[in-house]
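>>> what follows is a predicted structure for the sequence shown.
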Amino acid sequence: MSSSPPGPGSTRSSTEIINLNVGGRRFSTSRQTLTQVQDTFFTGLLSGRIQTLKDEQGAIFIDRDPELFRLILNFLRNRSLAFDDVNFKDLRHEAEFYGIAPLVKKLSLCEDLDKSGCGDVLFYSYLPPPNIPPHEAPPSTKPSVSQSERPGTVLRVDPSVPSVPPRAGHSRAGSVDLRRSHSRTSSADLRPPTRPDRPPPPVPTCHSRNSSADLNKSFRNEVGMLFGASSGVPLPWVDPLRVLLVTAHHNCLAVAYRHFVAVYKLKESSGFQLAFTTPYLEQDIGQVGINSKMGSVLPAVGLDQVTVMVAVASGSNIRLMGFSEDGARTEVGNFSLHVAVDQLFFIGAQLVALSPTGRIGVWNSLAQHWQAQELAPITSHDTAGSFLLLGSSNGSINYIDMQKFPLRMKDNDLLVTELYRDPAGESVTAISVYLTPKTSLCGNWIEIAYGTCSGMVRVIVQHPETVGHGPQLFQTFTVHRSPVTRVTLSEKYLVSVCSEYNHVRTWNVTRFRGMISTQPGSTPLASFKIVSLEEDLPCLTTSHGNDIGPYGDQDDEQVFVQKVVPETDVLTVRLASKGTRVCEIRSVDSSVITSFCVHECEGSSRMGSRPRRFIFTGHSCGAIQMWDLTTALEFFYKKEPTSGEGGPSPQELVRQLDQCELTSSRCSTPCLSPSPSLTVGQQARLKERNIAFINQNQQEAQE
C-alpha cells in the first residue's frame, strides 16, 4: 500500500536549520534532530509553548552549559554517547532540564551502579515506623455513666482502634499529594512492607533533590501558617511520624516522635523488635531518657514488674513511666522543673534533668523522691561512673555523687560540691571526665578536660595525695579563638571543638602506667572542621538528635558523625583523632535523615559473640535504619571498600547501553525496549544458528 508523499510545508519544516546560542556558543542543527524525542524542551521551544529569546543574529538563546549541550545534541543526532571524562551527575541534570527521557534513564542507571535499595555492606536492619498510639482517656473521678445519661460529654475512643491526633489527617493527606513526585516520602506515603526486615522500594524521582527540599520546606511553612501560627508568625510544621530523637541504653532503643515514644528491644534470634509505645501525649516531646536496667532496683520499692523506665520531658514537665516485659505501663510520677528541660538522662537508677538557667532536678529511685534546686547557670555537663559534673557560667566545676544518697540531711538540699574553679573565672562551656584505671585501685585518680567561652582548653588532674587540696592544673591550650563547644579526653587523644563551623583540634596524650604524663606531654595531632549547618528555626530536640559527637568509649576509637545540611539523606563518619573519612551512610529509601545516635549493643549469649557498635538513623518517614559501625572501622583499617567492585564502569555501561533503549517494567531493574514483561504473546528472539539447530532436530524426529 503506497502512502502519499508529504506536503512541501512538512518537508520544509523537518529540514529547517535551527541556530542556537547556548551559553555564548553557537550551534546549528535541524528541526528534525531537535524533535527526535517527543515532549522535550526543544519541542516546546519550537512549537511556541516556551517563550524564546534571540540574540542579535537571530539565534535562539539558551542560558545553559555549552559543553554539556554538545553531548546532548550528539545524542539526539545518533542516539549514542561517545565520551569518557564527563560528570554523570551534571549531564543527567542537563538531560532532565531538556526533558530527554531516554538519556535520563541511561544516566540514572550508570549513576546508581554503586547504590542499592538494600544498602551496602554496612546496612544492618530496617525498622518500619510504628502506628500512632491512641489518645489517653482522661482520668475519671466519678462513677462511669452511660453516654445517653450524660448528653454533651466527650465520646471515648475504643483503645483497640488507634486514633489519629488532631490535624494529622489533614497535614498527612496534604503531604501525600505534594510529595508523591519525589523520593522524600512522608509518613502517609509509607505502607508496611511485605518483609518487615526490608525497606519499601524507593519512589522514582523525576527532578533534583534540591527542588524537593525547597518544596518540602515551603509546604511545611504553609502548614505552619495554617495551623501553628499565632499573630501571623509562621511556625515550623512537624510530621507526626517524623523521628525527632533517637537514644539507646544497653539493648533497648527509644525513638521519639512528636507525641509518643516507641521502644525497641534487641532479641537474640530476631534482632530489634518493637516492644511497646508510650501513650499519645498532647504536648510536644522535647527530651527522652531511657534506662533498661531497672529490674534489680525497683522491686525494693514495690515496682516488681518494671524493667524499663522511660522519662519524657515536654517543656518544664517530666513524665516518668515504667514498663514490664510484656509492655504493661506503670505511672511512676509527674514532675516539674519549673523551667524548660534542656537535658534528661539516667545515672544508674537516678533520673537527672538539667536546664541552662541553673535548675537541676534529681529523682531518686530508692526514696521515690524528686528534688529540684537552683544553682549557677549550667553551661556544660558530663558523667563518669556515678559522678555528675556540672560546668557553670561563673567558672566553677561542681559534682554530685549519685551513688550516695544525693540529699543533705540538715536542709534537704542536693549534695552539690565544688570541685574546681577556673583561674580566670571564665564560663566552662564544655567538660570531659576520664577515670583512669587507677581510680578503683588506689582512690580517686580523675582527669578532667574543659573548655571556656574564650577558647581555652585546660586539663586538671585529681591525685589521691591531693584529695584535700583539690585538682591541680596540668596543662592549658589557647588554640581556639571562639567558645569551645565540645571537649573529650580519652586514653590516647584530647579532642576539642569550637563554635567556628565546628573547628576541631586534637592532641596525642602521653601516658605512663595509665596516667597522664608530662614527658613529652600532649603533642598536636590534627586540625580540621566538621561543618554541620542548622535549620532556620532550630529547636532543642533537633540539636540533640543531630549532635556531631565524638562518639565512642574513651578507651576505643571515637568518631564524628557529620550531617552537612539539615535536609539530607547522607551522613559522613570521620575519625575523631584525625578527621579521616571512615565511611558514608546513605539512606536506603532516600528519605531524609532527621536524627541519629551511635550506640554499642551487648553481644549475645552465644560463644564468641562480642559487642558491636551501630549507628541508628531516624528518618522523616518514621523508619529507623541501622548501620554497622564496627564493620565500617574494620574495613577502614584494612583499606577495603564497602561496596563491591569488578562490574563495568559507568563509561563501559554507557557504551553497551547504546545498543538498546530502556523502558519501564514491573520489576525494579529496567528492561530493554520492548519490555518482555509488558509484551503479550511475543516469543523470545532466537539466533539464526539456534533456529537452524531446532529445525534440524525436528526433521530428524519426523524421519
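It's in. Numbering: from 1, shown residues only.
>>> continuing past the helix or strand where Y420 lies, what's the next helix or strand?
Assigned by DSSP states H and E, Y420 belongs to strand 417-421. Of the helices and strands lying after strand 417-421 in sequence (DSSP H and E), the nearest is strand 428-435.
>>> adjacent strands (with direction) for that following strand?
Strand 428-435 sits in its sheet next to strand 446-452 (antiparallel), going by DSSP bridges.
>>> angle of the strand it pairs with against strand 417-421?
Strand 446-452 runs at 60 degrees relative to strand 417-421, counting by axes from the mean of the first three to the mean of the last three CA atoms, to 10 degrees.
>>> the strand holding Y420: which residues count as buried?
Of the residues in strand 417-421, L419, Y420 count as buried by neighbour count, 16 or more other CB atoms under 10 Å. The way it works is simple: take the backbone N, C-alpha and C, and place the C-beta from them, glycine included.
>>> repeat for stretch 334-346
Across stretch 334-346, burial judged by 16+ other CB under 10 Å covers F335, L337, V339, A340, V341, D342, Q343, L344, F345, F346.
>>> and it, average pLDDT?
Mean per-residue pLDDT for stretch 334-346: 93.
>>> before we move on, what about stretch 398-415?
Mean predicted lDDT for stretch 398-415 stands at 71.
>>> can you give me the end-to-end span of that stretch?
Terminal residues of stretch 398-415 are spaced 10 Å apart (CA to CA, to the nearest Å).
>>> ditto for stretch 422-429
12 Å.
>>> for this structure, what spans make up the helices?
8-14, 31-34, 41-47, 66-78, 88-98, 101-111, 168-179, 209-223, 540-545, 629-638, 650-657, 688-702 (DSSP state H).
>>> rank the ones you listed by pLDDT, which is bottom?
helix 168-179 (a mean of 38).
>>> low-confidence stretches in the stretch 451-600 of the chain?
For the stretch 451-600 of the chain, applying pLDDT under 70 flags the ranges 464-468, 536-542.
>>> all strands for it, in order.
In the stretch 451-600 of the chain, the strands defined using DSSP state E, counting those that start in this stretch lie at 457-462, 472-477, 484-489, 493-498, 503-508, 511-512, 515-516, 523-529, 559-562, 570-575, 581-586, 593-601.
>>> okay, angle between the last one and helix 629-638 too, please.
Relative orientation of strand 593-601 with respect to helix 629-638: 80 degrees, computed using the same axes, to 10 degrees.
>>> name the surrounding residues that touch strand 593-601.
242-248, 250-251, 253, 266, 542, 545-546, 549, 551-553, 559, 561, 563, 568-571, 587, 611-620, 629 (CB atoms under 8 Å, 6 or more residues apart in numbering).
>>> give the partner strands of that strand in its sheet and their orientations.
strand 612-619 (antiparallel).
>>> contacts for the partner strand, please.
Strand 612-619 has contacts (CB under 8 Å, 6+ apart) with 124, 243-246, 248, 253, 255, 545, 552, 561, 571, 573, 585, 587, 589, 591-601, 603, 624-630, 633.
>>> buried residues, it. List them.
Using 16+ other CB under 10 Å as the test for burial, strand 612-619 gives R613, F614, I615, F616, T617, G618, H619.
>>> could you pull up the mean pLDDT of stretch 124-138?
On average, stretch 124-138 scores 88.
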